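**Q** sequence and predicted model, in that order:
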Amino acid sequence: MRKGMITLAIAMPLMLGLVGCAGGNQSQQAGKTSGQVIEISASNFQFQPNKIEIPANKDVTLKLKVANGIHSLEAPGLDVNLQEDGQTAVVRAKPGTYPFFCNIPCGTGHGKMKGTIVAK
Ligand SMILES: [Cu+2]
């Protein structure tokens, strides 16, 4: 089971031609959660919700749901780069405002695919 998931995780980016984009962040793997889980839905061409408030200095799980199209969720300030539907990232944020966006050229509305995470 676990081996199968790892194989899939390696195979998917290869199939999508995204090799080289995804970093080796160990905190990001399918299904890993801690604390409150916040699901963020990405579709053509928006994030829902796109304004997210999280508690600072606590584990919070961000989960990407890709409702349609092909989208990702990158929040550089939180070291988050989710590339696939169902992928999660556990963050522990200092108080502040962290922009996030889609980093896959997904179509005409790509530039609108932005949001903000506020930790307080
Ligand atoms: Cu995009």
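**A** Happy to help now that I have it.

**Q** I'd like to know how far the spatially most central residue of the chain sits from the ion.
**A** Within the chain, one residue has its C-alpha closest to the average C-alpha position: by Cα atoms, centre = their mean, that is Leu82, at 3.1 Å. Using Cβ to the ion, to the nearest Å, we find Leu82 at a distance of 13 Å from the ion. The C-beta positions use only the backbone N, C-alpha and C, and glycine is treated the same way.

**Q** pretty sure that residue sits against Val90.
**A** No. At 11.6 Å, Leu82 does not count as touching Val90 under the criterion of Cβ atoms under 8 Å.

**Q** overlap of the contact sets of these two?
**A** Listed as contacting both Leu82 and Val90 by Cβ atoms under 8 Å, 6 or more residues apart in numbering are Leu62.

**Q** circling back to that earlier point, tell me the bridge partners for the residue nearest to the centre of the chain.
**A** Following DSSP bridges, Leu82 is listed with bridge partners Leu73.

**Q** now do Phe100
**A** Beta-bridge pairing of Phe100 under DSSP bridges involves Gly115.

**Q** tell me if I'm right that it and Ser72 touch.
**A** No. Shown here, Phe100 and Ser72 do not form a contact pair, counting by Cβ under 8 Å, at 9.8 Å.

**Q** helices along the protein, start to end?
**A** In the chain, helices defined by DSSP state H lie at 2-16, listed in chain order.

**Q** low pLDDT regions in it?
**A** The model of the chain has pLDDT under 70 over residues 1-30.

**Q** near the ion, which residues of it?
**A** Residues of the chain found near the ion, taking Cβ under 5 Å from the ion as the criterion, are Cys102, Ile104, Cys106, His110, Met113.

**Q** and the furthest pair within those?
**A** Ile104 and Met113 (9.0 Å; Cβ to Cβ).

**Q** tell me, what's touching the two both at once?
**A** The overlap between the contact sets of Ile104 and Met113 (Cβ under 8 Å, 6+ apart) consists of His71.

**Q** with that, I have no additional questions.
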